[in-house]
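Engineer: The sequence and its predicted three-dimensional model are supplied below.
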Amino acid sequence: MSAEDAAAAAQQPLAEERAEVEPQAAEQAPEPAQEQKSESVSQTAPEDKAAEVKEEEKKEENEEDTFTYRTLVLTGYGGYDKVKLQLKKGLPSPGEGEVRVRVKACGLNFAELLGRQGLYERLPSPPVTPGMECSGVVEAVGEGVQDRQVGDSVLVLGRCGLWQEVVVIKADHTFPMPDGMSYEEAAALPINYITAYMMLFEMGNIRPDKSVLIHMAAGGVGIAATQLCNTISDVTVFGTASASKHEVIKQGGVTHPIDYRTRDYAEEIRKISPKGLDIVLDPLGGSDTQKAFNLLKPMGTLIVYGAANRLTGQRKNLLALAKSWYNQFTISALSLMHSNKAVCGFHLGYLDDEFPLIARVLQTLLELYKQGKIKPRIDSTYHFEQVADAMRRMQERNNIGKVILLPEPKKEEAKAEEDKKESANEDKKEGEQKNDIQKEERQEENKAEEPKTGES
């Protein structure tokens with residue numbers, strides 16, 4: 001082999017190796033381009049994410065704008081028809097220190113009955129949403145709220161505006177519901193039990209071996225006061241109510257039920273307790289306040305907390321108002337001193353500036369509930385569209401316990417069943433009317449067929 005041939009043979013393997021390396025390099029060459037594309041995607045991702053966030057915020061804003069919720073509105077003063085069910089637009093957002101609550105149940109109070117007639121000065125002028133108490137679930141919290149979380153079940157206190165599906169309120173006006181408490185019970189407790197507790201314990205200084213008169217003992221405040229009296233040993237409770245309610249209030253703790261409709265309650269009390277009473281709770285006003293004062297023992301306390309005698313019908317009764325004003329109780333300071341008696345006035349609506357005191361009392365009441373010493377009695381529940389029926393039941397004093405309003409719409413099945421019953425009743429009435437008409441026609445025909453006098 002010549003020197004030239006040897007050199008060519010040596011270079012051939014090198015050429016083959018170079019040919020093998022070049023395709024591999026060609027295969028690997030696109031990788032830097034892929035890395036560059038990946039970097040480009042990662043650079044645009046934050047922009048896409050920001051766009052998604054903006055789109056989500058816009059969607060939420062649209063939902064807030066299109067959101068509707070049910071509310072009861074007092075549209076003017078007068079009868080039951082003045083409270084109307086309306087829809088509000090826009091989802092309210094809680095501000096700093098506030099929470100938004102999805103309402104499950106609302107309490108109906110005597111103050112709302114007075115407010116409908118323009119007789120409750122703490123309720124703003126119409127149009128206005130009434131409602132001083134409710135219960136529900138926290139569904140949003142504002143800035144600075146630490147002790148409430150989304151999902152908490154709470155009872156709520158307010159001056160008005162709580163007869164709604166959704167309410168925004170100060171967080172410190174909400175109170176966690178104890179375990180086992182229903183939403184109806186939570187809505188029934190605040191106003192009635194705070195009123196009864198503050199009268200009996202803060203003003204009346206109730207103690208063992210005392211006697212108490214509770215008017216309207218089958219109502220919300222009446223039942224609350226009776227239960228609270230029963231937390232003290234040896235307290236004698238006199239309670240006025242119609243005879244049909246005596247069995248229930250006696251089981252609830254009233255020692256001596258009295259039918260105020262058929263008997264003079266003052267005379268009945270004197271028969272049982274000739275010396276009189278230690279505490280009288282007066283929600284009636286007018287001439288009944290004078291009777292209450294006369295029933296007190298020396299060192300006794302009269303607590304006036306209402307004027308139910310002014311409410312005699314659907315609409316404002318000027319005659320009843322004049323009568324109540326004319327018979328209102330008056331006494332001089334000197335006479336009060338000589339009688340050794342105390343007269344107090346209580347109005348929860350005017351304790352706005354004493355909310356820490358109210359909160360403390362409510363916490364005490366919730367502890368009593370946990371201990372099983374008090375428990376609201378629910379008389380009946382009505383959906384918002386039945387508010388007129390609810391007010392009528394309470395104003396006509398047919399309730400035994402608390403009347404509750406439910407924001408949720410009536411189920412279609414229940415509506416259909418009621419419509420069916422109403423239709424059946426109407427058909428029955430129409431049938432009875434037809435029968436009466438036919439009967440009258442037959443009687444007329446029979447009279448026409450009878451021979452007249454003197455005919456042969």
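Structural biologist: Now that the structure is in, tell me what you want to look at.
Engineer: which residues of the stretch 101-250 of the chain fall in helices?
Structural biologist: 110-116, 183-188, 190-197, 220-229, 246-251 (DSSP state H, counting those that start in this stretch).
Engineer: Revised request: answer the last question for the stretch 351-456 of the chain.
Structural biologist: 355-370, 387-395, 412-449.
Engineer: mind checking which of the helices of the stretch 101-250 of the chain is nearest K410?
Structural biologist: Evaluated over the helices of the stretch 101-250 of the chain, closeness to K410 peaks at helix 183-188, with 16.1 Å, by CB to CB. All C-beta spots, glycine's among them, are computed from the backbone N, C-alpha and C.
Engineer: Could you name the helices and strands sitting against the closest one?
Structural biologist: With contacts defined as 3 or more CB pairs under 8 Å, 6 or more residues apart in numbering; DSSP states H and E, helix 183-188 has these neighbours: strand 98-107, strand 133-141, strand 153-157, strand 378-383, strand 402-406.
Engineer: Show me what it is in contact with.
Structural biologist: With contact meaning CB atoms under 8 Å, 6 or more residues apart in numbering, helix 183-188 is reached by 104-107, 133-136, 153-155, 177, 220, 375-378, 381, 401-402, 404.
Engineer: what does stretch 326-346 give?
Structural biologist: By CB under 8 Å, 6+ apart, the residues outside stretch 326-346 that reach it are 195, 198-199, 203-204, 285-287, 289-290, 293, 296, 298-305.
Engineer: go again using 6 Å as the cut-off
Structural biologist: Applying CB atoms under 6 Å, 6 or more residues apart in numbering, the contact partners of stretch 326-346 are 199, 203, 286-287, 289-290, 296, 298-305.
Engineer: what's the answer for stretch 256-275, then?
Structural biologist: Stretch 256-275 is contacted from outside by 238-240, 242-243, 246, 249-250, 291, 295, 297, using CB under 6 Å, 6+ apart.
Engineer: And stretch 382-402, by the same measure?
Structural biologist: By CB under 6 Å, 6+ apart, stretch 382-402 touches 70, 72, 80, 83, 85, 108, 113, 188, 218, 220, 223, 245, 248, 376-379, 403, 405-407, 410.
Engineer: number of nearby residues for T129?
Structural biologist: Residues within reach of T129, counting by other CB atoms under 10 Å, total 20.
Engineer: quick one: it from V361, how far?
Structural biologist: Distance, T129 to V361, using CB to CB, to the nearest Å: 25 Å.
Engineer: again with V128
Structural biologist: As defined by CB to CB, V128 lies at a distance of 27 Å from V361.
Engineer: out of those two, which sits in the busier spot?
Structural biologist: Neighbours were tallied for V128 and for V361 using other CB under 10 Å; the higher tally belongs to V361 (19 against 14).
Engineer: Lowest mean pLDDT across the helices of the stretch 351-456 of the chain, which one is that?
Structural biologist: With a mean of 58, helix 412-449 has the lowest mean pLDDT of those.
Engineer: What is the end-to-end distance of stretch 105-124?
Structural biologist: 22 Å (CA to CA, to the nearest Å).
Engineer: for that stretch, which positions count as buried?
Structural biologist: Going by neighbour count (16 or more other CB atoms under 10 Å), the buried part of stretch 105-124 is 105-120, 123.
Engineer: Same check on stretch 399-411?
Structural biologist: Buried residues in stretch 399-411, counted by 16+ other CB under 10 Å: 399-407.
Engineer: now the strand or helix carrying L281 against helix 220-229, angle please.
Structural biologist: Assessed by DSSP states H and E, L281 sits inside strand 277-282. Going by axes from the mean of the first three to the mean of the last three CA atoms, to 10 degrees, strand 277-282 is angled at 150 degrees with respect to helix 220-229.
Engineer: What pairs with strand 277-282, parallel or antiparallel?
Structural biologist: When pairs are called by DSSP bridges, strand 277-282 turns out to pair with strand 211-214 (parallel), strand 296-304 (parallel).
Engineer: between the ones you listed, which gets nearest to Q146?
Structural biologist: Among these, strand 296-304 comes nearest to Q146, with 37.9 Å by CB to CB.
Engineer: May I see the buried residues of the helix or strand that the closest one is followed by?
Structural biologist: Using DSSP H and E, the next helix or strand after strand 296-304 towards the C-terminus is helix 318-326. Using 16+ other CB under 10 Å as the burial criterion, the residues of helix 318-326 that qualify are 321, 323-324.
Engineer: go on, stretch 349-363?
Structural biologist: Residues 358, 361-362 are the ones in stretch 349-363 that count as buried (16+ other CB under 10 Å).
Engineer: again, but for stretch 338-348
Structural biologist: Neighbour-count burial for stretch 338-348 [16+ other CB under 10 Å]: 339, 341-343, 346, 348.
Engineer: again, but for stretch 249-260
Structural biologist: Neighbour-count burial for stretch 249-260, counted by 16+ other CB under 10 Å, picks out 249-250, 252-254, 256-258, 260.
Engineer: do stretch 386-397 as well
Structural biologist: Neighbour counts over stretch 386-397 (16+ other CB under 10 Å) mark 386-388, 390-391, 393-395 as buried.
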